[in-house]
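A.B. asks: Take this sequence and fold it.
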Amino acid sequence: MKTNKFFIALALFAIVFSACKKEEYPNDQDNNNTEKELKFTLEVIDNTGTGTLGLGYNCQILTDAEGTLHTVYTDRDNFTVKYAYKTSGGTWTISDIASNASGSLSTLTIDNAGNLHVVYETGSPENKLFHAIKTAGGSTWTINPFGLTGYYLASTDTYMNMVCDSNNGLHLVAKNSGGDNYLLYFYKPESGSWTMEIMDNRQGCGEQPSIAIKDNVIHVAYGDDGTNGKLFYATKTVGSDTWSKESVTSSTAIYYTSIAINSLNEIRIVYRDYAGGYKCAIKSSGSWSTELIDETYGVTPGLDSDQDNIFYSSYSYDGGTGLKLAYKTSESSWTKLMLDDTDGFNYVQYTDLFCSSNGHTYIVYQVANGGSGRNLLKLADVYWE
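C.D. replies: Sure, this is the predicted structure:
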């Protein structure tokens, strides 16, 4: 079925705050850029939240080949999955993808033709998944049900993430909830239907899974609620039936994973270690090591690598009191800075990060307002100049 979009131009909300911080450019191979300044701007994307459950849940962001920003998020107060886009130099335009989604799960990817794909779940009592597609340059979303049974995605207890392969196949990971906690993997070829498999059936596995793809190899990271106390990593080649799984590190419990691979095939996984700290796992020469990013616990992270192979990670700082950014190369240590200090009264709950080919790193994040109860969706635009 199709749903028409009612666009709302939000020029009046595009109040931009800018700042800069003089940093030595972290990957200055020619020694030409040492005086570059790290700059960032902050702006509101959507402030139309009407209640306390949350506008901006599970927000995700990407850019297309033309540099247009696209973000998808849910509004749990009004049972909608929302979509916003902004062209270069333009203002944000917002619409509803679906108005029957009482859950909070949504995820976004783009295929090789520039078509946008969104998967969302309807929440209790159905907890069913739907696939929405908007063709490149189009203005409407085509929505189809997955047509699968045998899973239960509790909207307040899981995350899901999706990527697209070189043949426009879609790959999605999510945690099954409702008493049987394990990791699920969904796959849809370009011209086929969705299928589902239990990727890891160990009780407690699948906490906040993340997924990346490079050279048609799928990489998945996922945590554990304490039953096994491990960070897990799994791979398989597109078209293969077998996953290769390994344990990365152990702790009392591990949550909030995000995985990225740069052009040098360096793999990084950021995660919250329940025993203490926001950490990064690094795979080198076939073995894993870990390093501390921040002593406070970082949650709801985003992770990506830019064209200069610098890794950037966004995260909610110290229980949500602000939005922080950390970045590093393979040779440097992590540099951290506060982008948006929300003073503890307003707090950051969800973040996502995307490194665009235009040299900008974009972070979308939810700010929950403890005073008015009306949440905001905001954007941080980070760049070197």
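A.B. asks: Distance check, the closest residue to residue 182 other than its chain neighbours against residue 184.
C.D. replies: Among residues not flanking residue 182 along the chain, residue 201 sits closest, at 4.8 Å (Cβ to Cβ, 6 or more residues apart in numbering). C-beta coordinates here come from the backbone N, C-alpha and C atoms, glycine included. Between residue 201 and residue 184 the computed distance is 10 Å (Cβ to Cβ, to the nearest Å).
A.B. asks: quick one: which of these two has more around it?
C.D. replies: Neighbour count, other Cβ atoms under 10 Å: between residue 201 and residue 184, residue 184 has more, with 24 against 13.
A.B. asks: wait, doesn't that one sit right on residue 195?
C.D. replies: No - using Cβ atoms under 8 Å as the test, residue 184 is too far from residue 195 to be in contact (11.0 Å).
A.B. asks: What ranges does this structure have for its helices?
C.D. replies: With DSSP state H as the definition, the chain shows no helices.
A.B. asks: Sketch out the low-pLDDT regions of the stretch 251-385 of the chain for me.
C.D. replies: Scanning the stretch 251-385 of the chain for pLDDT under 70 picks out the ranges 318-319, 343-345, 370-373.
A.B. asks: all strands for it, in order.
C.D. replies: 254-261, 267-273, 278-284, 287-294, 299-305, 311-317, 322-328, 335-341, 346-355, 361-369, 376-384 (DSSP state E, counting those that start in this stretch).
A.B. asks: what's the angle between the fifth one and strand 278-284?
C.D. replies: Orientation of strand 299-305 against strand 278-284 (axes from the mean of the first three to the mean of the last three Cα atoms, to 10 degrees) gives an angle of 40 degrees.
A.B. asks: Name all residues that make contact with residue 189.
C.D. replies: Each residue near residue 189 by Cβ atoms under 8 Å, 6 or more residues apart in numbering is listed here: 167, 169.
A.B. asks: try residue 268
C.D. replies: 259, 260, 261, 262, 280, 281, 282, 303, 305, 311.
A.B. asks: Neighbour count and distance to residue 97 for the residues you listed - can I get that in a markdown table?
C.D. replies: Formatted as a markdown table, the contacts of residue 268 follow (neighbours: other Cβ atoms under 10 Å; distance: Cβ to Cβ, whole Å):
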| residue | neighbour count | distance to residue 97 |
| --- | --- | --- |
| 259 | 22 | 26 |
| 260 | 23 | 26 |
| 261 | 19 | 29 |
| 262 | 20 | 31 |
| 280 | 21 | 33 |
| 281 | 21 | 34 |
| 282 | 16 | 37 |
| 303 | 25 | 25 |
| 305 | 21 | 29 |
| 311 | 25 | 31 |
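A.B. asks: Just give me the closest of these to residue 221.
C.D. replies: Nearest to residue 221 among the contacts of residue 268, counting by Cβ to Cβ, is residue 259 at 4.2 Å.
A.B. asks: Please report how far the closest residue to residue 163 other than its chain neighbours lies from residue 255.
C.D. replies: Excluding the flanking residues, the one nearest residue 163 by Cβ to Cβ, 6+ apart is residue 213, at 4.6 Å. Separation of residue 213 from residue 255 (Cβ to Cβ) stands at 23 Å.
A.B. asks: Just to check, residue 310 is in contact with residue 330?
C.D. replies: No - contact between residue 310 and residue 330 fails when scored by Cβ under 8 Å: they sit 9.3 Å apart.
A.B. asks: Neighbour count: these two, which is higher?
C.D. replies: The neighbour count for residue 310 versus residue 330, taken as other Cβ under 10 Å, is higher for residue 310 (20 against 14).
A.B. asks: Run through the residues that contact that one.
C.D. replies: Here residue 310 is in contact with 26, 27, 327, 328, 329 (Cβ under 8 Å, 6+ apart).
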